[in-house]
Each structure stands twice: as C-alpha cells, then as structure tokens.
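> below is the sequence, then the predicted model.
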Amino acid sequence: MATTALPAQRRVLRRDLWWLEPLFIVVGLGLFVVYAFVTGVQTSGYHYAPYLSPFASPCISANCETYSFGRALLPAWFPPAFFVVWIPVAFRATCYFLRRSYYRAFFWSPPACAVPDARSGYTGETAFPFILQNVHRYAWYLAALLWVVDLYDALLAFHFPAGFGIGLGSVLMILDVVFLGLYVFSCHSCRYLCGGYLDRFHGKPVWHRMWSAVSRINTRHGVFFWLSLLFVVLTDLYIRLLVAGVITDPRIVFG
Ligand code: FES
C-alpha cells in the first residue's frame, strides 16, 4: 500500500510548544520594525525639552527641533532619524543573537532544535547576502559611538530650563541608555576586543578582568537585546505623548 508519510528526517517529533519562540520573535520584531518606520519618518514630535527621542539622536539636520552639537550639520529636507538609523540597523541585523532568532523565526532554518529545516540546502554565511553579516564588528564601533551620544542626551534630560531636576522622562532616558549600554557592551565582538582575541591571559590581568566583566553580561545578551528595544520604544512614545499633550511629565526641579 502506498504511503504519504514524510521521510523520517522531515518529521517533527517534538510535542512541546517549540513554535512559541519563533512566534514571539516574529511578532516582537514585526511590531518594532513598524513602529521604528512610522516614528523614523516623522519630522517633528520627538523633542520635549529637555528630552530628545533616541530615534532622533543625534539631531543634526536644519529642521531639527534642537541641535545635538549646537548647530545644524545637514540640510532641512533630511529627516532627523535618517542620519543615524543605518547604524543600529546594521548593528542589530548582524547581531549573533538576532541572527539566530530571525534565521529560526523567519527563514525556518531551522525553526527550533530537533525541528527540520524548511530548506533542503544550507549555504551558511559564506555567500551573498549573508556574508555581509561579517560587518558586525565594524558596526559595533559605530554603535558604541552612538551610545556615547545617547548617554550625553540622557544626562541633558536632567537639565531643565529652571535648573537641575528629575522627571519621569529623565528616568526613562537613563533606563534606555543603561539597557542599550548593556546590550552594546555584552556583544560578542566587544568580548573579542576586550581580550577574547588573546591566546592566554597569563601576565595580562587587565585584559582578563575586562574579558571576565564582558563575559558575565554576555550570558544575558539576548535579554538586553529585548530590553533595549523595549525602552527605546517606550522613551520615544513617552516623549511623543508629552508633545501631543496627552500626558504631563511628573518632575521635581531643584532650581
Ligand atoms: S552579538 Fe549581538 S550585538 Fe554583537
């Protein structure tokens, strides 16, 4: 009798909820990409003194509502987010953690452990376009630089027109920069740069301490990825709601 059963290597024997993780990734990343696109094309609503949305930082085009470095460096037709958006895109899209996640969730390559690959062949990251994933360590330098600018913005968020103070927006901006920092500095490329490239640590205690510190946070890299994504959205949304007059900012200003 003819059988229509799948070959053994194509069958899914797992009976647990293995599909939950890929589903979470598709929904989470999908929502973030839609939100980032919508907010990225806006030319206003991202600044509520002293808060500046991380999506619009550094703000250097002539139509900026504030200037990160004191003056405009680009013409007015340049939407604020467009200058920097390629840096986090290049950095996150080539992140080792995210690669694993979207290869599983979007390409089903494979969708989970012990679940067959949707494709019959495997070329790895040796051919175009996936060979471009190798730019990750270079994207790290730019992302680290951008983090310094975000830190500067977060510190300015305590500088109110009437003097030093603290508002809910200041707290959100600090949390955003903390989680972004944990994400950037727990990166595998950072771990490599902080001594991972050495064959041995004998006689190099400083490198060993740096490598150990990065290794400790590296184990939570995936968590920091999602937290940094969440807080960049929360911070931007909070500032936009303030600008729209939907909410008010609870704050204490010491003068
Ligand atoms: S490995 Fe994820 S940011 Fe570098």
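Thanks, I have the structure now.

> how about the helix or strand of the chain with the lowest mean pLDDT as PDB, C-alpha atoms only?
Among the helices and strands of the chain, helix 96-105 carries the lowest confidence by mean pLDDT, DSSP states H and E, at a mean of 88. Taking C-alpha atoms only, helix 96-105 is exported to PDB below (Å, rounded to 0.1, in the frame of the first residue of the first chain):
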ATOM      1  CA  TYR A  96      24.700  37.000  16.600                       C
ATOM      2  CA  PHE A  97      21.700  36.700  18.900                       C
ATOM      3  CA  LEU A  98      19.400  38.200  16.400                       C
ATOM      4  CA  ARG A  99      20.800  36.200  13.500                       C
ATOM      5  CA  ARG A 100      19.900  33.000  15.400                       C
ATOM      6  CA  SER A 101      16.500  34.400  16.200                       C
ATOM      7  CA  TYR A 102      15.500  35.500  12.700                       C
ATOM      8  CA  TYR A 103      17.000  32.600  11.000                       C
ATOM      9  CA  ARG A 104      14.700  30.500  13.100                       C
ATOM     10  CA  ALA A 105      11.600  32.600  13.100                       C
END
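
> what separation is there between the residue in the stretch 151-255 of the chain positioned nearest to the ligand and residue 72?
Using Cβ to the nearest ligand atom, the closest approach of the stretch 151-255 of the chain to the ligand is made by residue 187 at 3.1 Å. Where C-beta positions appear, they are placed from N, C-alpha and C, glycine not excepted. Using Cβ to Cβ, to the nearest Å, one obtains 32 Å as the distance from residue 187 to residue 72.

> just want to know which of the two has more residues nearby.
residue 187 (26 against 15; other Cβ atoms under 10 Å).

> how about that one, nearest residue that isn't a chain neighbour?
Excluding its sequence neighbours, the residue lying closest to residue 187 (Cβ to Cβ, 6 or more residues apart in numbering) is residue 140, at 5.7 Å.
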